[in-house]
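In: Predicted model follows, preceded by the sequence.
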Amino acid sequence: MPSSTSAQEPTQSASAAPRPAIDVQDACLSFGNRTLWDNLSFSVNPGEFVAVLGPNGCGKTTLLRVLLGLQELDRGTVRIAGKPATRGSADVGYIPQQKMLPENTPLRGRDLVALGLEGYRWGPGLPSRKTKDRVQELISLVKAESFADRPVGLLSGGEQQRLRAVQAVASHPPVLLCDEPLLSLDLNHQRAVTSLIHQETVDNDTAVLFVTHEINPVLPYVDKVLFLAGGRFNVGHPDEVLTSEVLSDLYGSHIDVVRSEDRVAIIGLQDGIVHKHQEGAL
Ligand SMILES: Nc1ncnc2c1ncn2[C@@H]1O[C@H](COP(=O)(O)OP(=O)(O)OP(=O)(O)O)[C@@H](O)[C@H]1O
């Protein structure tokens, strides 16, 4: 069965187990009389890809804000690479939920990417040859060569999103937080971005927390699903969590989960938690 308390504090006898890159224990957070989560506990090990699913307003973005050190918990603990979550941590790469940059943003596409490189974050200065080469490599990973020299504020939503994705992985952070990074991307670019993020888990042991309303594009890469709903949660392997039984229990009403080949369809939700995918299988 999936576990709502998958993370265990490391013990002496478990010294061979990896230290979680993200460790959330007994997290409680309410806004007014609305409880987002009560005793939320989960961990993400180095190299793990965890998808965060749940209905609008269940607290997915807020969870990322907690991990970014931007939102305090009412109770509980959060550790990133063994340390308390702090703002601006070099251990964390972040792809924010899509927001258009202002038209007059004084940066070119390649400058936005360069901001993700350590030592280049706090001001442009003069980039070294190494920085320039790395930026060019990142730009080519998302096929952004044709617009990398245009002002970012004039780029489309999807073009900006591709640049934000490579900016976040530029310095190979041990933890990568992604807030619906596939929004506005066509299928080809969804594949490019998901495979870029997956490759970080393989090559650099990056721990990924990936908020999404569409599980199917990332399902092949997902090690665990964290499902948030109505102040409750469930976490475990997708086969364990994405079941009619678990989701019906979380939502308190009947939900059907249908698997076909490597896709999942969730049926029976009023407002849709996992939106219909373009290919229409949901
Ligand atoms: N600082 C705050 N003060 C009061 N309420 C807040 C604050 N931050 C977030 N909320 C509320 O907490 C709830 C969770 O918001 P959040 O953005 O985390 O949801 P989400 O799961 O990411 O939703 P979506 O799928 O729509 O992006 C929302 O109802 C939001 O209005």
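Out: Looks like it arrived, so ask away.

In: List the buried residues for the lengthiest helix in the chain?
Out: Counting by DSSP state H, the longest helix found in the chain is helix 187-204. Under the neighbour-count criterion of 16 or more other CB atoms under 10 Å, helix 187-204 has 189, 190, 192, 193, 194, 196, 197, 198, 200, 201 buried. Glycine gets a C-beta too; all of them are placed from N, C-alpha and C.

In: could I get that helix in PDB with only the CA atoms?
Out: In PDB, the C-alpha atoms belonging to helix 187-204 read as follows (Å, rounded to 0.1, in the frame of the first residue of the first chain):
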ATOM      1  CA  LEU A 187       4.000  18.000 -27.600                       C
ATOM      2  CA  ASN A 188       7.500  18.100 -29.100                       C
ATOM      3  CA  HIS A 189       8.700  20.700 -26.600                       C
ATOM      4  CA  GLN A 190       6.900  18.900 -23.700                       C
ATOM      5  CA  ARG A 191       9.000  15.900 -24.600                       C
ATOM      6  CA  ALA A 192      12.200  18.000 -24.800                       C
ATOM      7  CA  VAL A 193      11.600  19.500 -21.400                       C
ATOM      8  CA  THR A 194      10.600  16.300 -19.600                       C
ATOM      9  CA  SER A 195      13.500  14.500 -21.100                       C
ATOM     10  CA  LEU A 196      15.900  17.300 -20.000                       C
ATOM     11  CA  ILE A 197      14.600  17.100 -16.500                       C
ATOM     12  CA  HIS A 198      14.700  13.300 -16.400                       C
ATOM     13  CA  GLN A 199      18.300  13.400 -17.700                       C
ATOM     14  CA  GLU A 200      19.300  15.600 -14.700                       C
ATOM     15  CA  THR A 201      18.000  12.800 -12.400                       C
ATOM     16  CA  VAL A 202      20.100  10.200 -14.300                       C
ATOM     17  CA  ASP A 203      23.300  12.200 -14.900                       C
ATOM     18  CA  ASN A 204      23.400  14.300 -11.700                       C
END
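
In: tell me what it is packed against?
Out: strand 49-53, helix 157-169, strand 175-179, strand 207-211 (3 or more CB pairs under 8 Å, 6 or more residues apart in numbering; DSSP states H and E).

In: can you redo the ones you listed as TSV with mean neighbour count and mean pLDDT?
Out: Shown next, in TSV, are the helices and strands packed on helix 187-204 (neighbours: other CB atoms under 10 Å; pLDDT from 0 to 100):
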stretch	mean neighbour count	mean pLDDT
strand 49-53	24	96
helix 157-169	23	94
strand 175-179	24	96
strand 207-211	26	97
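
In: Low-confidence regions, the stretch 101-250 of the chain specifically.
Out: Across the stretch 101-250 of the chain, the ranges flagged by pLDDT under 70 are 118-126.

In: Kindly recompute the last result at 80.
Out: Low-confidence segments of the stretch 101-250 of the chain (pLDDT under 80): 118-128.
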